[in-house]
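# predicted model follows, preceded by the sequence.
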Amino acid sequence: MQPTLLNFIDGQSVVADSGRTFDRLSPADGSLVQRVSEAGAVEVAAAVAAAKSALHGSWGSMDVAARASLLHKLADALDRDTERLLRAEIADTGKPIALAQGLDIPRGAANFRVFIDMVKAAHEASYRSSTPDGRGALHYTLRRPKGVIAVICPWNLPFLNVTWKLGPALACGNTVVVKPSEETPTTATMLAQIARDVGIPDGVINVVHGYGPGSAGEFLTRHPDVSAITFTGETRTGTAIMKAAAEGTRPVSFELGGKNAGIVFADCDFDAAVDGIMRSAFLNSGQVCLGTERVYVERPIFDRFVAAMKSRAEAQVIGDPMDPATTFGPLISHEHRDKVLAYFDRARQQGATVVTGGGVPTMPPALAGGAWVQPTIWTGLDDAASVMREEIFGPCCNIAPFDSEDEVVLRANDTRYGLATTVWTQNLSRAHRIAERIEVGLVWINSWWLRDLRTPFGGSGLSGIGREGGEHSLDFYSETRSVCVKL
């Protein structure tokens, strides 16, 4: 067991005054990973005060070039510390090393580099106008930091997500207080410590640990000196945060849940479509907001597609996350597994045919205490079934046949969520039509989760508010000031 993980405030590791801690258990085997110091209102207030001081002091007075130099040093240090970050991320999440090594950790440094360079290259508009006296006026814009940003991160992609938010926030000159998920607190804390060690001033990055209501999350979102809130997580939590943000009319950026559709036409590249839907349904054990839980397959290839998905799901290697051969890890916790298994039971009650999975795999004794479930595929669920309406956030999907383009678009849009859709067809005219008609923030054609960090990211409806990525991130993390000079 590791020493107790402490809060990180104003460049120092801080024990909560209350002395309260909570346990972080391994998703893979149920063992105690570490105890975590739970921040109270005192620690949150201290973190916000430190961030505000740095905003108006060392960090706020630093020019863009100097800030960029420090953030590049941070990105380089993250690259050098890959192995330590990797092991901490796996201990917290239980995800297979092949996934964390190929996605989560490398994206961390990239998120800083992309937004640093984007801020350095950002242009500021200027205009000349006439005036009644004929001398004219010059108008130009400035980008200024928004202030102290509350950064609240999820447990499914903790390191990737915290760097996705901190990259643009810090590059724009803001300071931050991070509240990582209580399930995955480690790598955010390590990031703050590494930032201090490369010379980023104290108070720029602060990390407080705890839960939501009555704990660090609520204290942070309600603090009056927090200027804006960015949150990724479930929709109900986003609703609570939005109510808190209404005090002071503070802006929010929310990337919330999804009940995403995958649409597979008969003219698709069949093997590529199977690969793509497998990945979108089962990557990270289905714990991805962009994941596909509703799959619609054109009827001529429906039976063949279901059979191929069954074969591929049953070929997943479920095992030790540190084994490079493992392709499928545990869920984040026993509590989350109970939720997912309850949906598995409900699916059967609502008429699902279980094609494969639907339960808990038999694991070796060393892993028997983990939060394991089987990759699960259903057919036969009605679109109105609650299992087809509510986000499960687990390794499961229902595959249903369709007969026409108009039909499948209506069915895909029949949801209160609006995050992502993946479409598989070799008819590009049809692909473009569907991309225009589908009511989501992201559409992938013949791919899934293929990202360029300059493009907008986010959803509509219950899937969130606002967009991040590229200039959209700069717009959220900065205030645009208009300056007029009479000539």
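Now that the structure is in, tell me what you want to look at.

# assign a three-state SS to W444, would you?
On the three-state scheme (DSSP: H, G, I helix; E, B strand; the rest coil), W444 is labelled strand.

# that one: what's it in contact with?
By Cβ atoms under 8 Å, 6 or more residues apart in numbering, the contact list for W444 reads 420-423, 450. For the C-beta atoms, the positions are set from N, CA and C on the backbone; glycine is no exception.

# one more: A77?
Contacts of A77 by Cβ under 8 Å, 6+ apart are 194, 197-198.

# by neighbour count, which of those wins?
Highest neighbour count within those: I194, with 20 neighbours (other Cβ atoms under 10 Å).

# could you list the buried residues of the helix or strand encompassing that one?
I194 belongs to helix 186-197 when assigned by DSSP states H and E. By neighbour count with 16 or more other Cβ atoms under 10 Å, helix 186-197 contains the buried residues 186-192, 194-196.

# and that helix, average pLDDT?
Averaging pLDDT along helix 186-197 gives 98.

# convert that helix to PDB, retaining C-alpha atoms only.
Provided in PDB are the C-alpha atoms of helix 186-197 (Å, rounded to 0.1, in the frame of the first residue of the first chain):
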ATOM      1  CA  THR A 186      -3.500   9.800  -8.400                       C
ATOM      2  CA  THR A 187      -2.300  11.100 -11.800                       C
ATOM      3  CA  ALA A 188      -3.800  14.600 -11.400                       C
ATOM      4  CA  THR A 189      -1.900  15.000  -8.100                       C
ATOM      5  CA  MET A 190       1.300  13.700  -9.800                       C
ATOM      6  CA  LEU A 191       0.800  16.200 -12.600                       C
ATOM      7  CA  ALA A 192       0.600  19.100 -10.200                       C
ATOM      8  CA  GLN A 193       3.800  17.900  -8.400                       C
ATOM      9  CA  ILE A 194       5.700  17.600 -11.700                       C
ATOM     10  CA  ALA A 195       4.500  21.100 -12.700                       C
ATOM     11  CA  ARG A 196       6.000  22.500  -9.500                       C
ATOM     12  CA  ASP A 197       9.200  20.600 -10.100                       C
END
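
# what's the first helix or strand after that helix?
Next along from helix 186-197, by DSSP H and E: strand 205-207.

# residues contacting the residue lying closest to G262 once chain neighbours are set aside?
Residue nearest to G262 in three dimensions, not counting chain neighbours: T292, with 4.0 Å by Cβ to Cβ, 6 or more residues apart in numbering. Going by Cβ under 8 Å, 6+ apart, T292 touches 260-262, 277, 280-281, 397, 422, 448.

# swap in 6 Å and give it another go.
Residues near T292 by Cβ atoms under 6 Å, 6 or more residues apart in numbering: 260, 262, 280-281, 397.

# is it in a bridge, and if so with what?
Using DSSP bridges, the bridge partners assigned to T292 are N260.

# and the pLDDT for it?
The model's pLDDT for T292 equals 98.

# just give me the residue closest to the centre of the chain.
N161 (4.8 Å; Cα atoms, centre = their mean).

# ramachandran angles for that residue?
When read as degrees, to the nearest 10, the backbone of N161 gives phi -70, psi -40.

# spatially nearest residue to it (excluding sequence neighbours)?
Excluding its sequence neighbours, the residue lying closest to N161 (Cβ to Cβ, 6+ apart) is C153, at 4.8 Å.

# can I assume the one you found is in contact with T163?
No. Assessed by Cβ atoms under 6 Å, C153 is found out of contact with T163, at 9.7 Å.

# which regions of the stretch 1-150 of the chain sit below the pLDDT cut-off?
The stretch 1-150 of the chain contains residues with pLDDT under 70 at 1-2.

# tell me where it has helices.
With DSSP state H, counting those that start in this stretch applied, the stretch 1-150 of the chain shows helices at 41-55, 64-80, 82-93, 97-99, 105-121, listed in chain order.
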